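Q: Here is a sequence together with a model predicted from it:
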Amino acid sequence: MIVEILISVGLVISGIFGIVGSFGLIKLPDPMMRLHAPTKATTLGVGGALIASMLYFGLVEGHLSFHELMITVFLFLTAPVTGHFIAKTHIHRNETPDTLPPTGTSRPWASFDHPENEPAAKS
Amino acid sequence: MLRKLLPHPLLTLTLIVVWQMLVNKLTPGNLLLGLILGLTIPFVTAAYWPNRARLRNPVGIVAYVCIVIWDIIVANIEVAYIILFKSNANTHPAWITIPLELRTPEAITVLAGTITLTPGTVSSDLSGDGGALLVHCLDAPDPDAVRDQIKDRYERRLKEIFE
(Lines give C-alpha, C1' and ligand atoms only; values in the text may rest on other atoms or scores of the structure.)
Protein backbone atom coordinates (compact mmCIF):
# COMPACT_ATOMS: atom_id res chain seq x y z
CA MET A 1 0.00 0.00 0.00
CA ILE A 2 2.71 2.48 1.05
CA VAL A 3 4.79 1.29 -1.91
CA GLU A 4 1.92 1.95 -4.27
CA ILE A 5 1.50 5.47 -2.88
CA LEU A 6 5.24 6.15 -3.32
CA ILE A 7 5.16 4.87 -6.91
CA SER A 8 2.11 7.00 -7.69
CA VAL A 9 3.77 10.07 -6.18
CA GLY A 10 6.81 9.53 -8.42
CA LEU A 11 4.63 9.19 -11.52
CA VAL A 12 2.51 12.24 -10.68
CA ILE A 13 5.60 14.39 -10.02
CA SER A 14 7.12 13.36 -13.33
CA GLY A 15 3.85 14.12 -15.12
CA ILE A 16 3.53 17.55 -13.54
CA PHE A 17 7.07 18.60 -14.41
CA GLY A 18 6.72 17.18 -17.91
CA ILE A 19 3.62 19.25 -18.58
CA VAL A 20 5.06 22.41 -16.98
CA GLY A 21 8.15 22.04 -19.19
CA SER A 22 6.01 21.67 -22.30
CA PHE A 23 3.85 24.63 -21.29
CA GLY A 24 7.01 26.69 -20.81
CA LEU A 25 7.96 25.96 -24.41
CA ILE A 26 4.76 27.71 -25.56
CA LYS A 27 4.69 30.50 -23.03
CA LEU A 28 8.25 31.83 -22.92
CA PRO A 29 8.96 34.53 -25.53
CA ASP A 30 12.44 33.92 -27.03
CA PRO A 31 14.58 30.90 -28.00
CA MET A 32 17.14 31.17 -25.19
CA MET A 33 14.39 31.32 -22.56
CA ARG A 34 12.57 28.39 -24.18
CA LEU A 35 15.74 26.35 -23.84
CA HIS A 36 15.27 26.41 -20.06
CA ALA A 37 11.88 24.71 -20.12
CA PRO A 38 12.89 21.26 -21.47
CA THR A 39 15.82 20.98 -19.02
CA LYS A 40 13.15 20.44 -16.39
CA ALA A 41 11.50 17.64 -18.31
CA THR A 42 14.83 15.82 -18.67
CA THR A 43 15.76 16.06 -14.99
CA LEU A 44 12.84 15.81 -12.56
CA GLY A 45 10.32 14.78 -15.23
CA VAL A 46 12.22 11.68 -16.29
CA GLY A 47 13.74 11.26 -12.81
CA GLY A 48 10.33 10.82 -11.16
CA ALA A 49 9.28 8.15 -13.66
CA LEU A 50 12.59 6.31 -13.23
CA ILE A 51 12.39 6.31 -9.43
CA ALA A 52 8.83 4.98 -9.65
CA SER A 53 9.99 2.24 -12.04
CA MET A 54 12.86 1.29 -9.74
CA LEU A 55 10.55 1.09 -6.72
CA TYR A 56 8.08 -1.02 -8.68
CA PHE A 57 10.63 -3.57 -9.84
CA GLY A 58 12.50 -3.62 -6.51
CA LEU A 59 9.57 -3.87 -4.11
CA VAL A 60 6.62 -5.26 -6.09
CA GLU A 61 8.25 -7.58 -8.63
CA GLY A 62 11.04 -8.41 -6.20
CA HIS A 63 14.14 -8.11 -8.35
CA LEU A 64 16.46 -5.15 -8.27
CA SER A 65 16.78 -3.28 -11.57
CA PHE A 66 19.75 -1.08 -12.43
CA HIS A 67 18.59 -0.03 -15.89
CA GLU A 68 16.92 3.11 -14.51
CA LEU A 69 20.19 4.15 -12.91
CA MET A 70 21.97 3.74 -16.23
CA ILE A 71 19.29 5.75 -18.06
CA THR A 72 19.77 8.55 -15.53
CA VAL A 73 23.55 8.51 -15.98
CA PHE A 74 23.37 8.53 -19.80
CA LEU A 75 20.70 11.26 -19.76
CA PHE A 76 22.77 13.45 -17.44
CA LEU A 77 25.78 12.97 -19.70
CA THR A 78 23.98 13.83 -22.95
CA ALA A 79 21.42 16.51 -21.96
CA PRO A 80 24.02 19.30 -21.42
CA VAL A 81 25.58 18.55 -24.83
CA THR A 82 22.32 19.13 -26.73
CA GLY A 83 21.58 22.22 -24.64
CA HIS A 84 25.02 23.57 -25.45
CA PHE A 85 24.54 22.90 -29.19
CA ILE A 86 21.24 24.79 -29.28
CA ALA A 87 22.72 27.71 -27.34
CA LYS A 88 25.73 27.82 -29.69
CA THR A 89 23.47 27.82 -32.75
CA HIS A 90 21.49 30.69 -31.27
CA ILE A 91 24.67 32.68 -30.60
CA HIS A 92 25.92 32.17 -34.15
CA ARG A 93 22.61 33.16 -35.72
CA ASN A 94 21.28 35.91 -33.47
CA GLU A 95 24.01 37.41 -31.33
CA THR A 96 27.01 39.63 -32.00
CA PRO A 97 29.96 40.28 -29.68
CA ASP A 98 28.23 43.52 -28.67
CA THR A 99 25.03 41.89 -27.44
CA LEU A 100 26.92 39.52 -25.14
CA PRO A 101 28.70 40.59 -21.95
CA PRO A 102 32.49 41.01 -22.18
CA THR A 103 34.57 37.92 -21.41
CA GLY A 104 36.90 39.68 -19.00
CA THR A 105 39.83 37.84 -20.61
CA SER A 106 42.07 38.76 -23.55
CA ARG A 107 40.08 36.66 -26.05
CA PRO A 108 36.45 36.97 -27.27
CA TRP A 109 33.82 34.25 -26.82
CA ALA A 110 34.78 31.10 -28.73
CA SER A 111 31.88 31.55 -31.19
CA PHE A 112 33.42 34.81 -32.43
CA ASP A 113 37.07 33.88 -31.96
CA HIS A 114 38.98 33.43 -35.21
CA PRO A 115 42.12 31.39 -35.78
CA GLU A 116 44.11 34.51 -36.66
CA ASN A 117 43.64 35.69 -33.04
CA GLU A 118 45.52 32.60 -31.94
CA PRO A 119 48.86 33.47 -30.30
CA ALA A 120 51.73 32.38 -32.55
CA ALA A 121 52.45 28.68 -32.07
CA LYS A 122 55.59 27.99 -30.10
CA SER A 123 58.07 26.06 -32.17
CA MET B 1 54.45 -3.70 -17.92
CA LEU B 2 51.36 -3.61 -15.74
CA ARG B 3 50.78 -0.01 -16.79
CA LYS B 4 50.86 -1.04 -20.42
CA LEU B 5 48.32 -3.84 -19.96
CA LEU B 6 46.12 -1.82 -17.61
CA PRO B 7 46.47 1.80 -18.78
CA HIS B 8 43.41 3.13 -17.01
CA PRO B 9 42.37 1.08 -13.93
CA LEU B 10 39.49 3.41 -13.05
CA LEU B 11 38.01 3.11 -16.55
CA THR B 12 38.35 -0.68 -16.35
CA LEU B 13 36.43 -0.76 -13.08
CA THR B 14 33.74 1.61 -14.43
CA LEU B 15 33.25 -0.51 -17.57
CA ILE B 16 32.88 -3.73 -15.54
CA VAL B 17 30.30 -2.13 -13.22
CA VAL B 18 28.37 -0.51 -16.11
CA TRP B 19 28.26 -3.85 -17.96
CA GLN B 20 26.83 -5.64 -14.91
CA MET B 21 24.16 -2.95 -14.57
CA LEU B 22 23.28 -3.16 -18.27
CA VAL B 23 22.76 -6.94 -18.26
CA ASN B 24 21.10 -6.64 -14.83
CA LYS B 25 22.03 -10.21 -13.81
CA LEU B 26 25.15 -11.09 -11.85
CA THR B 27 26.43 -14.43 -13.17
CA PRO B 28 30.05 -15.66 -13.59
CA GLY B 29 29.62 -15.52 -17.39
CA ASN B 30 28.54 -11.87 -17.35
CA LEU B 31 31.31 -10.99 -14.95
CA LEU B 32 33.85 -12.62 -17.28
CA LEU B 33 32.46 -10.79 -20.32
CA GLY B 34 32.54 -7.51 -18.36
CA LEU B 35 36.13 -8.22 -17.39
CA ILE B 36 37.09 -8.85 -21.02
CA LEU B 37 35.42 -5.59 -22.11
CA GLY B 38 36.94 -3.70 -19.19
CA LEU B 39 40.43 -4.89 -20.12
CA THR B 40 40.14 -4.57 -23.92
CA ILE B 41 38.54 -1.14 -24.29
CA PRO B 42 41.08 0.85 -22.20
CA PHE B 43 43.91 -1.07 -23.91
CA VAL B 44 42.65 -0.26 -27.42
CA THR B 45 41.75 3.37 -26.68
CA ALA B 46 44.83 4.17 -24.55
CA ALA B 47 46.39 6.11 -27.45
CA TYR B 48 43.51 8.61 -27.30
CA TRP B 49 44.04 9.40 -23.61
CA PRO B 50 47.39 11.20 -23.64
CA ASN B 51 46.74 13.08 -20.38
CA ARG B 52 44.09 11.59 -18.20
CA ALA B 53 42.19 13.55 -15.58
CA ARG B 54 43.74 13.36 -12.15
CA LEU B 55 41.36 13.10 -9.23
CA ARG B 56 42.82 14.65 -6.14
CA ASN B 57 39.88 14.05 -3.87
CA PRO B 58 37.58 11.23 -5.12
CA VAL B 59 35.51 11.26 -1.91
CA GLY B 60 34.44 14.82 -2.72
CA ILE B 61 32.58 13.50 -5.79
CA VAL B 62 29.91 11.86 -3.60
CA ALA B 63 29.24 15.11 -1.74
CA TYR B 64 29.24 17.02 -5.03
CA VAL B 65 26.68 14.68 -6.65
CA CYS B 66 24.39 14.94 -3.62
CA ILE B 67 24.54 18.76 -3.69
CA VAL B 68 23.83 18.84 -7.44
CA ILE B 69 20.83 16.49 -7.12
CA TRP B 70 19.40 18.62 -4.31
CA ASP B 71 19.95 21.79 -6.35
CA ILE B 72 18.26 20.22 -9.38
CA ILE B 73 15.13 19.53 -7.30
CA VAL B 74 15.05 23.03 -5.78
CA ALA B 75 15.76 24.76 -9.11
CA ASN B 76 13.05 22.67 -10.83
CA ILE B 77 10.45 24.01 -8.43
CA GLU B 78 11.72 27.58 -8.86
CA VAL B 79 11.59 27.37 -12.66
CA ALA B 80 8.14 25.78 -12.54
CA TYR B 81 7.02 28.74 -10.43
CA ILE B 82 8.50 31.20 -12.94
CA ILE B 83 6.82 29.46 -15.90
CA LEU B 84 3.41 29.11 -14.27
CA PHE B 85 3.00 32.27 -12.23
CA LYS B 86 5.35 34.97 -13.44
CA SER B 87 4.37 37.11 -16.42
CA ASN B 88 6.90 37.34 -19.23
CA ALA B 89 7.29 41.06 -18.59
CA ASN B 90 8.40 40.32 -15.03
CA THR B 91 11.08 37.74 -15.79
CA HIS B 92 14.54 39.13 -16.40
CA PRO B 93 16.66 36.84 -18.57
CA ALA B 94 20.36 37.68 -18.51
CA TRP B 95 23.72 36.65 -19.91
CA ILE B 96 26.27 36.16 -17.16
CA THR B 97 30.05 35.94 -17.47
CA ILE B 98 31.68 33.58 -15.00
CA PRO B 99 35.45 34.03 -14.70
CA LEU B 100 36.97 30.57 -14.26
CA GLU B 101 39.68 29.55 -11.84
CA LEU B 102 39.50 25.95 -13.07
CA ARG B 103 42.09 25.10 -15.70
CA THR B 104 41.72 21.39 -16.55
CA PRO B 105 39.29 20.72 -19.45
CA GLU B 106 37.61 17.89 -17.50
CA ALA B 107 36.78 20.15 -14.57
CA ILE B 108 35.40 22.89 -16.85
CA THR B 109 33.28 20.28 -18.68
CA VAL B 110 31.79 19.04 -15.42
CA LEU B 111 31.08 22.62 -14.30
CA ALA B 112 29.37 23.49 -17.61
CA GLY B 113 27.33 20.28 -17.46
CA THR B 114 26.25 20.99 -13.89
CA ILE B 115 25.16 24.52 -14.79
CA THR B 116 23.03 23.23 -17.69
CA LEU B 117 21.49 20.41 -15.62
CA THR B 118 20.25 22.74 -12.90
CA PRO B 119 17.15 24.30 -14.48
CA GLY B 120 17.20 28.06 -14.90
CA THR B 121 20.79 28.28 -16.13
CA VAL B 122 22.34 27.06 -19.41
CA SER B 123 26.05 27.28 -20.12
CA SER B 124 26.35 28.60 -23.65
CA ASP B 125 29.93 29.43 -24.57
CA LEU B 126 33.53 29.52 -23.43
CA SER B 127 35.97 32.34 -24.08
CA GLY B 128 38.70 31.65 -26.63
CA ASP B 129 41.34 31.02 -23.99
CA GLY B 130 39.07 29.00 -21.69
CA GLY B 131 39.17 31.66 -18.98
CA ALA B 132 35.48 32.54 -18.78
CA LEU B 133 32.14 30.79 -19.16
CA LEU B 134 29.02 32.37 -20.70
CA VAL B 135 25.83 31.39 -18.90
CA HIS B 136 22.27 32.25 -19.83
CA CYS B 137 19.91 32.75 -16.90
CA LEU B 138 16.13 32.44 -17.17
CA ASP B 139 15.36 34.88 -14.37
CA ALA B 140 18.18 36.84 -12.78
CA PRO B 141 17.23 40.19 -11.26
CA ASP B 142 20.69 40.15 -9.64
CA PRO B 143 23.24 38.60 -12.06
CA ASP B 144 26.17 39.05 -9.67
CA ALA B 145 24.48 36.90 -7.01
CA VAL B 146 24.02 34.05 -9.51
CA ARG B 147 27.68 34.30 -10.51
CA ASP B 148 28.88 34.23 -6.92
CA GLN B 149 26.61 31.31 -6.09
CA ILE B 150 27.93 29.22 -8.99
CA LYS B 151 31.53 30.08 -8.13
CA ASP B 152 31.12 29.30 -4.46
CA ARG B 153 28.86 26.28 -4.66
CA TYR B 154 30.21 24.37 -7.66
CA GLU B 155 33.56 25.75 -8.80
CA ARG B 156 35.17 25.73 -5.36
CA ARG B 157 34.19 22.08 -4.82
CA LEU B 158 35.34 21.04 -8.32
CA LYS B 159 38.66 22.74 -7.67
CA GLU B 160 39.06 20.57 -4.58
CA ILE B 161 38.20 17.42 -6.56
CA PHE B 162 40.24 18.00 -9.71
CA GLU B 163 43.08 20.38 -8.99
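A: Perfect, thanks for sending it.
Q: Which element, helix or strand, includes residue A:91?
A: Taking DSSP states H and E as the criterion, residue A:91 maps to helix A:67-94.
Q: Quick one: distance of that helix to the chain centre.
A: Between the centre of helix A:67-94 and the centre of its chain there are 6 Å (C-alpha atoms, centre = their mean, to the nearest Å).
Q: For that helix, name the packing helices and strands.
A: When contacts are defined as 3 or more C-beta pairs under 8 Å, 6 or more residues apart in numbering or on different chains; DSSP states H and E, helix A:67-94 sits against helix A:31-34, helix A:46-55, helix B:9-23, helix B:105-117, strand B:121-126. Any C-beta I mention is one placed from the backbone N, CA and C, and that applies to glycine too.
Q: Quick check: which of the ones you listed is buried the most?
A: Of the helices and strands packed on helix A:67-94, the one with the most neighbours on average (mean count of other C-beta atoms under 10 Å in any protein chain shown) is strand B:121-126, at a mean of 25.
Q: can you give me the mean pLDDT across the helix holding residue A:91?
A: The predicted model gives helix A:67-94 an average pLDDT of 86.
Q: Which parts of that helix count as buried, going by neighbours?
A: For helix A:67-94, a neighbour-count test (16 or more other C-beta atoms under 10 Å in any protein chain shown) marks A:68, A:72, A:76, A:79-80, A:83-84, A:86-87, A:90-91 as buried.
Q: what do you get for stretch B:38-49?
A: B:38, B:42, B:46.
Q: Now tabulate the residues you listed in JSON lines and tack on secondary structure, pLDDT and distance to residue B:8.
A: As requested, the buried residues of stretch B:38-49 are exported to JSON lines (DSSP: H, G, I helix; E, B strand; the rest coil; pLDDT from 0 to 100; distance: C-beta to C-beta, whole Å):
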{"residue": "B:38", "secondary structure": "helix", "pLDDT": "87", "distance to residue B:8": "10"}
{"residue": "B:42", "secondary structure": "helix", "pLDDT": "83", "distance to residue B:8": "4"}
{"residue": "B:46", "secondary structure": "helix", "pLDDT": "78", "distance to residue B:8": "7"}
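Q: tell me the contacts of the residue of chain B found nearest chain A?
A: The nearest approach of chain B to chain A comes at residue B:128, 3.1 Å away (C-beta to the nearest C-beta). Applying C-beta atoms under 8 Å, 6 or more residues apart in numbering or on different chains to residue B:128 gives the contacts A:103, A:105, A:107-110, A:113, A:117.
Q: Identify those among these that sit within strands.
A: Per DSSP state E, strands hold no members of the contacts of residue B:128.
Q: Quick one: buried ones out of those?
A: A:103, A:105, A:107-110, A:113.
Q: Could you restrict the residues you listed to the ones contacting chain B?
A: Within the set of those, contact with chain B (C-beta under 8 Å from any C-beta of the partner chain) is found for A:103, A:105, A:107-110, A:113.
Q: Including pLDDT, could the residues you listed go into CSV?
A: Below are those laid out as CSV (pLDDT from 0 to 100):
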residue, pLDDT
A:103, 78
A:105, 78
A:107, 80
A:108, 81
A:109, 83
A:110, 81
A:113, 77
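Q: Quick check: of the contacts of residue B:128, which lies closest to residue A:97?
A: Residue A:97 has its nearest neighbour among the contacts of residue B:128 in residue A:108, at 5.7 Å by C-beta to C-beta.
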